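> build me a structure from this.
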Amino acid sequence: MTSLTIREIPAAELDALTPALSGILHACILGGASVGFILPFTEGEAAAFWQGLRPGLETGGRRLLGAWLGNRLVGTVQLLLAGPPNGRHRAEVAKMLVHPDARQRGIGRALMTAVEALARTEGRTLLLLDTGSDEGRALYRSVGFQTVGDIPGYAIHVDGSALATTILYKHLTESTTGNYGA
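Numbering: from 1, shown residues only. Here you go, the predicted model:
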């Protein structure tokens, strides 16, 4: 069995990993994931998205974790840390993606565990996320997220149809340091 490794991807590695990251995002979009893009969607657009993260990665306001099976990057998740002074106790989980051919192996759960650990090391006590109302809710609930509610028609699905979005949150109560759960 190939081992799973999760680690932070620094801005310095972005260029080298953009092709793999783009492949994951492109495959997820083609598979119907509603993560901010609509069809048609090219790998070039995916590469531009990842390159656009550079400023946030360089300042530390955005953190990017990757999941590798052996030496293949198969998943990713982001933690958005920037916020106003009265919101520095919270962070947002964004773009939790697992390549379609690597699913059902616990990678999504491992990424969520790792992003929570990272949030704790950054002193965050509240995590927020949103998801297409038919996507990922079971995983997020199984790792302790609570549903705030659904917003009908909040997003446009990859196929152009209206999509409800579910808002979820999780209070982080335990403290850990330096361990990203991998």
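
> tell me where this structure has strands.
For the chain, the strands defined by DSSP state E cover 4-8, 62-69, 72-80, 90-98, 126-132, 146-156, 162-171.

> using a markdown table, lay out these together with mean pLDDT, distance to residue 40 and mean neighbour count.
C-betas here are computed from N, CA, C, even on glycine. Converted to a markdown table, those look like this (pLDDT from 0 to 100; distance: least, CB to CB, whole Å; neighbours: other CB atoms under 10 Å):
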| stretch | mean pLDDT | distance to residue 40 | mean neighbour count |
| --- | --- | --- | --- |
| strand 4-8 | 98 | 31 | 16 |
| strand 62-69 | 98 | 26 | 21 |
| strand 72-80 | 98 | 22 | 21 |
| strand 90-98 | 97 | 19 | 22 |
| strand 126-132 | 95 | 19 | 19 |
| strand 146-156 | 94 | 14 | 13 |
| strand 162-171 | 95 | 18 | 17 |
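
> of all those, which one comes closest to residue 34?
Among the strands of the chain, the nearest to residue 34 by CB to CB is strand 126-132 (3.9 Å).

> so how far is the closest one off the chain centroid?
10 Å (CA atoms, centre = their mean, to the nearest Å).

> what does stretch 83-103 rub up against?
Stretch 83-103 has contacts (CB atoms under 8 Å, 6 or more residues apart in numbering) with 23-25, 27-28, 31, 33, 35-36, 67, 69, 74-81, 107-108, 111-112, 115, 119, 122-129, 136.

> at 7 Å what do you get?
Here stretch 83-103 makes contact (CB atoms under 7 Å, 6 or more residues apart in numbering) with 24-25, 27-28, 31, 33, 35, 69, 74-81, 107-108, 111-112, 115, 119, 122, 124-129.

> unless I'm mixing things up, residue 126 is touching residue 171, no?
Yes: with contact defined as CB atoms under 7 Å, residue 126 reaches residue 171; the gap is 5.8 Å.

> quick one, longest helix in the chain?
In the chain, taking DSSP state H as the definition, the longest helix is helix 14-30.

> same for it, what does it pack against?
Using 3 or more CB pairs under 7 Å, 6 or more residues apart in numbering; DSSP states H and E, the elements in contact with helix 14-30 are helix 43-51, strand 72-80, strand 90-98.

> report the buried residues of it.
14, 17-18, 20-29 (16 or more other CB atoms under 10 Å).

> which phi and psi does residue 53 have?
phi -80, psi -10 (degrees, to the nearest 10).

> that one: what's it in contact with?
62, 64.

> against residue 142, how distant is it?
According to CB to CB, to the nearest Å, residue 53 stands 28 Å off from residue 142.
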